[in-house]
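Student: Curious how this folds, go ahead:
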Amino acid sequence: MALQNSADAELLLHWYQENKRSLPWRDTGNPEDVWISEIMLQQTRVEAVKEYFVRFREALPTLEDIAACPDETLLRLWEGLGYYTRARNIKKCAQVLLRDHGGELPVDPLELRELPGIGPYTAGAIASIAYNVPVPAVDGNVLRVFSRLTACEDDIMEPATKQAFTERLQDLLWQLVYADWKSFPVADFNQALMELGALVCIPNGAPLCERCPVAAQCDGRRLGIQETLPRRAPKKPRRDEVRTVLVLRDGERFYVRQRPSKGLLAGMFEFPGFPGTLSEEEVLKLVHERGFTPLRIQALPPFHHVFTHIEWHMSAYEVQIAEPLSATAPGRNRKEHARNGIFVTRAELEKLALPSAFRPLLSRYALRPPRRQKK
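Tutor: Numbers count the residues shown, from 1 in each chain. Alright, predicted model coming up:
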C-alpha cells in the first residue's frame, strides 16, 4: 500500500505543491480562516464556498465582529449555504473564544472539540493546518483515498471504518514526524490528501489514476477494483412534502414570518406556507381567517427545493390585500410579532435572511439576483 514511508509522502507533497488550488482561506497564516472555511465546507462544495467565505470575512474580519453580529445579519451573510446552525455556532464559538481563550483558537485538538460547532474532523483540520499539529483530518475525500489505496471494501459510512482509517493515519503521521525530526509539514500533508481526493481520486466516477502521484502503490488499482470503491450503504430516499406558499402584499409591502428557533431553517424568515396543494378558494379562505381582506389573487409558477432529507414541492399564489390596521400601528415591536408575521418594505426584505428555497420568488420580485448557472 502507498503512504507507508517518507518517500511516498514526498511524492504526494510534491504533487500538492504543483497542483493545489488557490483558495481564499489557504495559506493566509490566520487560524480563524481555517476554522471558518472548515465550518462552511461541511456538506458544501469548495466552489460554492469561495464566494461566501470572501463576503463573510469582508463583513466580519475579526472575532469581535463575529461575536457581536446581529443574528439577522449573520443569517443574511449565510443565505444560500444551508445548514444555518453552522452560522450560529460560529458566532457562539467566537463569543467563547473571546471569553475563555483570550481571543485565540486553541492549539490542542481536545480543547478545540469543546468549542461550539467543532467536532473531531474540524478539530483535526484546524490543529493540523493552522498549527502543524500531527493529528489526522479525515473527511470524505480522505476516506475515499484510503479506501482505494488499501482496497478496503468496508462501508466508509460506518464509524468503525472511519475510526480504523483515522488510527492508521495517526500512526503514519507520528512516523513521518519522527523521521523528519518534527519539521514534517503536517499541514501540507493533510491538505494534500484532501486535494488528492477532490482532484484525482474523485467521487461518483472513475478515479484519474494516470494523474495520481501514488498510483503505483495503490492496492485498489492493482486489483482493478478502484472504480467500485468506496463502498457505502444506499442513502435513504428523501421525503417529499407538498406545500402552498403565499406572497401576501398590501401595496408594496410583503408579509413574512419568522420560523421557529429550532428545526429546519430555524429562525429564518419565510413567505408563509401551508401543507398540500391549495386551490384559490382555499387560499382566500385562509387569508380571511387570518384577518386580512383579499383584493386580488394570482397563481404563480410552481417550484421545488431539495434539502438533504426532504424535498419541497411548492405551488404559490400572490394575494394583494387591503392594508391591515395592525400592520401600521405605531411603535409595534417587530421582533415580538415576527413569529406571527410582519409586513416589511422591499428595502427591509432585502436585508432579511430568507432561505434559498424561496429563490424563485425572490428573483421574481427582484429581491435577490437569480442563481448563476453552472458553466
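Student: Below-threshold pLDDT in the stretch 51-200 of the chain: ranges please.
Tutor: Within the stretch 51-200 of the chain, the set of residues satisfying pLDDT under 70 comprises 181-182.
Student: does the nearest residue to residue 353 once chain neighbours are set aside belong to a helix or a strand, and which?
Tutor: Leaving aside its chain neighbours, residue 353 sits nearest to residue 75 (3.3 Å; criterion: C-beta to C-beta, 6 or more residues apart in numbering). Quick note: C-beta positions are derived from backbone N, CA and C, even for glycine. Using DSSP states H and E, residue 75 maps to helix 71-78.
Student: ok, and for the next helix or strand along the chain from that helix, which residues are buried?
Tutor: Note on helix 71-78: by DSSP H and E, the next helix or strand toward the C-terminus is helix 85-100. By neighbour count on 16 or more other C-beta atoms under 10 Å, the buried set for helix 85-100 is 86, 87, 88, 89, 90, 91, 92, 93, 94, 95, 97, 98.
Student: Let me know the closest of those to residue 358.
Tutor: Nearest to residue 358 out of the buried residues of helix 85-100 is residue 87 (C-beta to C-beta; 17.8 Å).
Student: residues in contact with the closest residue to that closest one other than its chain neighbours?
Tutor: Nearest non-adjacent residue to residue 87, counting by C-beta to C-beta, 6+ apart: residue 78, 4.0 Å away. Shown in contact with residue 78 (C-beta atoms under 8 Å, 6 or more residues apart in numbering): 52, 56, 84, 86, 87, 353.
Student: Report the separation between residue 78 and residue 176.
Tutor: Plainly put, residue 78 is 37 Å away from residue 176 if you go by C-beta to C-beta, to the nearest Å.
Student: what does residue 358 give?
Tutor: 49 Å.
Student: Of those two, which one has the most company?
Tutor: Between residue 358 and residue 176, counting by other C-beta atoms under 10 Å, residue 358 is the more crowded of the two (25 against 20).
Student: For the more buried one, which three-state class applies?
Tutor: Classification of residue 358 using DSSP: H, G, I helix; E, B strand; the rest coil returns helix.
Student: same question, residue 153
Tutor: Once three-state DSSP is applied, residue 153 turns out coil.
Student: Tally up the residues packed near the closest residue to it other than its chain neighbours, please.
Tutor: Leaving aside its chain neighbours, residue 153 sits nearest to residue 231 (5.3 Å; criterion: C-beta to C-beta, 6+ apart). Neighbourhood size, residue 231 [other C-beta under 10 Å]: 14.
Student: Please, which helix or strand holds residue 349?
Tutor: For residue 349, the host element (DSSP H and E) is helix 346-351.
Student: hey, C-alpha coordinates of that helix in PDB?
Tutor: C-alpha atoms of helix 346-351 as PDB (Å, rounded to 0.1, in the frame of the first residue of the first chain):
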ATOM      1  CA  ARG A 346     -38.800  45.900  -0.200                       C
ATOM      2  CA  ALA A 347     -35.700  47.500   1.300                       C
ATOM      3  CA  GLU A 348     -36.400  45.800   4.700                       C
ATOM      4  CA  LEU A 349     -37.000  42.400   3.000                       C
ATOM      5  CA  GLU A 350     -33.700  42.700   1.100                       C
ATOM      6  CA  LYS A 351     -31.900  42.800   4.500                       C
END
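Student: List the buried residues for it?
Tutor: By 16+ other C-beta under 10 Å, the buried positions in helix 346-351 come out as residue 349.
Student: So for it, mean pLDDT?
Tutor: Averaging pLDDT along helix 346-351 yields 84.
Student: which helices and strands does the helix or strand hosting residue 168 pack with?
Tutor: Residue 168 belongs to helix 159-179 when assigned by DSSP H and E. Applying 3 or more C-beta pairs under 8 Å, 6 or more residues apart in numbering; DSSP states H and E, we find helix 159-179 packed against helix 6-19, helix 140-149, helix 186-199.
Student: Now distance to residue 125 and mean neighbour count too, for the ones you listed, in CSV please.
Tutor: Formatted as CSV, the helices and strands packed on helix 159-179 follow (distance: least, C-beta to C-beta, whole Å; neighbours: other C-beta atoms under 10 Å):
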stretch, distance to residue 125, mean neighbour count
helix 6-19, 15, 16
helix 140-149, 10, 24
helix 186-199, 7, 22
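Student: Among these, which comes closest to residue 249?
Tutor: When these are compared by C-beta to C-beta, helix 140-149 sits nearest residue 249, at 43.8 Å.
Student: just checking, what packs against that closest one?
Tutor: When contacts are defined as 3+ C-beta pairs under 8 Å, 6+ apart, helix 140-149 packs onto helix 159-179, helix 186-199, helix 219-223.
Student: How about residues contacting the shortest one?
Tutor: When you say that, I think you mean helix 219-223. Helix 219-223 has contacts (C-beta under 8 Å, 6+ apart) with 1, 147, 148, 149, 150, 151, 209, 215, 226, 229.
Student: Report the contact partners of the second one.
Tutor: Same thing as residue 147. By C-beta under 8 Å, 6+ apart, the residues touching residue 147 are 156, 165, 220, 229, 230, 231.
Student: Distance check, it against residue 3.
Tutor: Residue 147 sits 13 Å away from residue 3, taking C-beta to C-beta as the criterion.
Student: which SSE is residue 242 in?
Tutor: strand 239-250.
Student: Same check on residue 320?
Tutor: Secondary structure assignment for residue 320, by DSSP H and E: strand 310-321.
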